[in-house]
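Participant: Structure, please.
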Amino acid sequence: MDMLWNGWGDPAKAAPLPDTVTGLLRDLLGVKPRTTPALGLDDIRLPATTADVTTLKALAEAVGGDEHVRTDTESRVRHTRGKSTPDLLRIRAGDFSDVPQAVVLPATHDEVLAVLRACAAHGLALVPFGGGTSVVGGLAPQRSAFVALDLRRMNGLLDLDPVSRTAVLQPGLRAPEAETLLAEQGFTLGHFPQSFEWATIGGFAAARSSGQASAGYGRFDEMVLGLTLATPEGTIETGRAPRSAAGPDLRQLILGSEGAFGVITSVTVRIRPLPEVRVYEGWRFASFEEGTAALRRLAQDGPRPTVLRLSDETETLIGLAQPDAIGADLAQGGAGCQAIAGYEGTAEDTAHRRERAAAVLTACGGTLVGTEPGERWAHGRYSAPYLRDALLDVGAFAETLETAAFWSRIPELYTAVRTALTDTLAQSGTPPLVMCHISHVYENGASLYFTVVSAQGEDPVAHWTPAKHAANEAVLAAGGTISHHHGVGTDHRDWYVREAGPLGISALRAVKRRLDPEGLLNPGVLLPTD
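Facilitator: Residues are numbered from 1 along each chain as shown. I've put the predicted structure just below:
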């Protein structure tokens, strides 16, 4: 099944907002229904591909036949940009300026190399495409003539070593299918980001993804033991052992490279036994400050739950995670901040960690509110992108951004980003509702994940762009990183250049020139074009 071309996910799961929520948006933010008719696939008329017959023939030869090279309208539309709110708004408005000239579907590493050679010979840029879930402009290269390299045919479990607890996965394997294949042999990867239903293994590696259970299983880059990379200049293979002192770790150069250095064609990952039990529970804290201190205690001194997250007062009050319950706490006068603590593992270990963690959370001012909030969160953990689409449908603007910092900088970072978003959008005539939660915790710091909702206004992308830029500036000024797990893409590129510094960027440019001398791979993504 393909994802919605003008929205998120499974069309069967898309649901309209309840009337009560629509009314709340109108009263709180001045949201007005959009009057522009919805654009259908049948309404789209793309210009013919600029790839000539010779080029298309070379691509077809590289992947074993014409059926694996697509130039029809629907295929090209479905590979246009990613799934950020500006991406969707442009698509819905009929802007297809970033459409690929063709979609190519290789089945093997060697076919990927052959496609790269064909693109180099014919001057075509290339964008690796997994689940298409990028929200930072990672699929919109700064080159008009490019092909999308759809990796869906490379979707297998190549090897599983139960003794070493490792698995070799292909890049186009979607996360749910990966979990199914591993579960058949008693294992799990334990990587469950919000994009879980649609994102792919290769995308997780290329963007340094972090899942909602990162407190227990770690980030995806911590799970990766080896990678194979196809580049225009040949192949790089990494990962001979779990750890090595044989020079700098080339895995770390490939992880987070977002298709700018090559195409990831296999990933060797650490796997864990399937947990016997999964338990999620809710906690309440009087304030975000108090809850943050409690999370820091667990992250630093343990016992660390598998899932640990904290919503601020606004996000708790609105009830963002449950679309049918949005506004319920607001109407009932709810207060405080909700935290979710989840535990996965053996029954004995889980019970022991819950008991010890409860003692810490209680000592830090937390009140246990039972498993019902935790189970509701687990049930709706992948629903927020569907909610975003429903908000867009009724004329609201909804977008997210995330960052991370050391614990001592979290209060300043939280205030700075909220202020930047609120002030900038208010000045443009669309005052926002800004919500935030701590989504990932570490011994030394945490990630902040912001959600912004406002009226769309006359030009929603024009309203959002200065607010996003102001938030980026606030992130750097407050000591945060420009991205914790969404990646760099084009949206964060200019701020990443400042974060990495001139010499660091020069070193990465040198790597790109060696691996991709013609600059064909995802040009303008991650690094500025020369």
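
Participant: partners of the helix or strand hosting residue 230 in the sheet?
Facilitator: Secondary structure assigned from DSSP states H and E places residue 230 in strand 224-231. Strands flanking strand 224-231 in the sheet, each with its direction: strand 234-238 (antiparallel), strand 263-270 (antiparallel) (DSSP bridges).

Participant: With mean neighbour count and distance to residue 521 as extra columns, can I get those strands in CSV?
Facilitator: Every C-beta, even on glycine, is put in place using the N, C-alpha and C of the backbone. What follows is the strands paired with strand 224-231, written out as CSV (neighbours: other CB atoms under 10 Å; distance: least, CB to CB, whole Å):
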stretch, mean neighbour count, distance to residue 521
strand 234-238, 15, 13
strand 263-270, 25, 8
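
Participant: Format those as TSV; extra columns: mean pLDDT and distance to residue 449.
Facilitator: Listed next are the strands paired with strand 224-231 as TSV, based on pLDDT from 0 to 100; distance: least, CB to CB, whole Å:
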stretch	mean pLDDT	distance to residue 449
strand 234-238	97	30
strand 263-270	98	24
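
Participant: Identify whichever of the ones you listed lies nearest to residue 150.
Facilitator: With distances scored as CB to CB, the stretch of the strands paired with strand 224-231 nearest to residue 150 is strand 263-270 (11.3 Å).

Participant: What lies in contact with that closest one?
Facilitator: Strand 263-270 is contacted from outside by 108-109, 112, 116, 126, 128, 149, 151, 154, 158, 165-171, 189, 201-202, 204-206, 222-231, 239, 254, 521, using CB atoms under 8 Å, 6 or more residues apart in numbering.

Participant: Select only the buried ones of these in PyMOL?
Facilitator: Here is the PyMOL selection string for the buried members of these, based on 16 or more other CB atoms under 10 Å:
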select buried, resi 109+112+116+126+128+149+151+154+166+167+168+169+170+171+189+201+202+204+205+206+223+224+225+226+227+228+229+230+231+239+254+521
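
Participant: The contacts of strand 263-270 in helices, which ones?
Facilitator: With DSSP state H as the criterion, helices contain 109, 112, 116, 201, 202, 204, 205, 206, 222, 223, 254 from among those.

Participant: Quick one, grab the pLDDT at the last one.
Facilitator: At residue 254 the predicted local confidence, pLDDT, stands at 98.

Participant: got it, and the third one?
Facilitator: Turning to residue 116, the model gives it a pLDDT of 98.

Participant: Report the separation between it and residue 515.
Facilitator: As for residue 116, its distance to residue 515 is 10 Å (criterion: CB to CB, to the nearest Å).

Participant: Find residues that contact each of those two.
Facilitator: Contact criterion CB under 8 Å, 6+ apart; residues bridging residue 116 and residue 515 by contacting each: 231, 232.

Participant: the strands in the stretch 101-250 of the chain, which residues?
Facilitator: Secondary structure of the stretch 101-250 of the chain, counting by DSSP state E, counting those that start in this stretch: strands at 102-104, 125-129, 146-150, 157-161, 166-169, 187-188, 224-231, 234-238.

Participant: Any chance of TSV for those strands, columns distance to residue 289?
Facilitator: Formatted as TSV, the entries for the strands of the stretch 101-250 of the chain read as follows, by distance: least, CB to CB, whole Å:
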stretch	distance to residue 289
strand 102-104	49
strand 125-129	42
strand 146-150	46
strand 157-161	45
strand 166-169	41
strand 187-188	35
strand 224-231	35
strand 234-238	42
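
Participant: Would you mind listing where this protein has pLDDT under the threshold?
Facilitator: Counting by pLDDT under 70, the chain contains low-confidence ranges at 320-334.

Participant: again, 90 this time
Facilitator: Scanning the chain for pLDDT under 90 picks out 1-2, 11-22, 24, 28, 33-39, 143-144, 318-335, 458, 530.

Participant: backbone phi and psi for residue 451, please?
Facilitator: Dihedral angles phi and psi of residue 451 (degrees, to the nearest 10) take the values phi -120, psi 130.

Participant: Begin at 15, not 1, for the rest of this chat.
Facilitator: Okay, residue one is now 15; in that scheme the one you just asked about reads as residue 465.

Participant: So what sits opposite it in the bridge?
Facilitator: Under DSSP bridges, the beta-bridge partners of residue 465 are residue 414, residue 449.

Participant: Now do the same contact list for it.
Facilitator: Neighbour list for residue 465: 329, 334, 398, 412, 413, 414, 448, 449, 450 [criterion: CB under 8 Å, 6+ apart].

Participant: residues of stretch 440-447 that come out buried?
Facilitator: Of the residues in stretch 440-447, those scored as buried under the neighbour-count criterion (16+ other CB under 10 Å) are 442, 444, 445, 446, 447.

Participant: brain fart, stretch 392-400
Facilitator: Taking 16+ other CB under 10 Å as the neighbour-count basis, stretch 392-400 is seen to contain the buried residues 392, 394, 395, 396, 397, 398, 399, 400.

Participant: what's the closest of those to residue 148?
Facilitator: Here the nearest of the buried residues of stretch 392-400 to residue 148, counting by CB to CB, is residue 399; it sits at 12.6 Å.

Participant: My guess is the closest one contacts residue 99. True?
Facilitator: No. With the criterion set as CB atoms under 8 Å, residue 399 and residue 99 do not qualify as a contacting pair; they are 10.1 Å apart.

Participant: Roughly how far does residue 112 sit from residue 100?
Facilitator: Taking CB to CB as the measure, residue 112 and residue 100 are separated by 11 Å.

Participant: any residues touching stretch 299-310, and which ones?
Facilitator: Among residues not part of stretch 299-310, those counted as contacts by CB under 8 Å, 6+ apart are 297, 322, 324, 326-327, 349-351, 353, 374-375, 378-381, 421, 424-425, 428, 450, 452, 455, 460.

Participant: Apply the buried test to these and list what passes.
Facilitator: By neighbour count, with 16+ other CB under 10 Å, the contacts of stretch 299-310 hold 297, 322, 324, 326-327, 350-351, 353, 375, 378, 380, 421, 424, 428, 450, 452, 455, 460 as buried.

Participant: For the ones in helices among the contacts of strand 277-284, which two are the farthest from each other?
Facilitator: Farthest apart among these by CB to CB are 130 and 236. That separation is 29.0 Å.

Participant: Relative to residue 493, which of the strands of the stretch 115-264 of the chain is closest?
Facilitator: strand 238-245 (27.3 Å).

Participant: what's in contact with that closest one?
Facilitator: Under the criterion CB under 8 Å, 6+ apart, residues 123, 126-127, 130, 180, 182, 219, 249-254, 256, 265, 268-269, 275-284, 529-530, 535 lie in contact with strand 238-245.

Participant: 7 Å instead, please
Facilitator: By CB atoms under 7 Å, 6 or more residues apart in numbering, the surrounding residues in contact with strand 238-245 are 123, 126-127, 130, 180, 219, 249-253, 256, 265, 268-269, 275-284, 529-530.

Participant: and what of stretch 413-424?
Facilitator: With contacts defined as CB under 7 Å, 6+ apart, stretch 413-424 is touched by 99, 306, 310, 427, 453, 458-466, 478, 482, 485, 489, 492-500.

Participant: cool, and stretch 185-195?
Facilitator: Judged by CB under 7 Å, 6+ apart, the contacts made with stretch 185-195 from elsewhere in the structure are 144-145, 165-171, 183, 202-203, 205, 210-216, 278-281.

Participant: Put the alpha carbons of it into PDB.
Facilitator: Included here for stretch 185-195 are C-alpha records, laid out as PDB according to Å, rounded to 0.1, in the frame of the first residue of the first chain:
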ATOM      1  CA  PRO A 185      17.100  -0.400   3.300                       C
ATOM      2  CA  GLY A 186      13.600  -0.500   1.800                       C
ATOM      3  CA  LEU A 187      12.200  -2.700   4.500                       C
ATOM      4  CA  ARG A 188       9.500  -0.800   6.400                       C
ATOM      5  CA  ALA A 189       9.600  -0.900  10.100                       C
ATOM      6  CA  PRO A 190       6.400  -2.900  10.700                       C
ATOM      7  CA  GLU A 191       7.600  -5.600   8.300                       C
ATOM      8  CA  ALA A 192      11.100  -5.600  10.000                       C
ATOM      9  CA  GLU A 193       9.500  -6.200  13.400                       C
ATOM     10  CA  THR A 194       7.300  -9.000  12.000                       C
ATOM     11  CA  LEU A 195      10.300 -10.800  10.400                       C
END
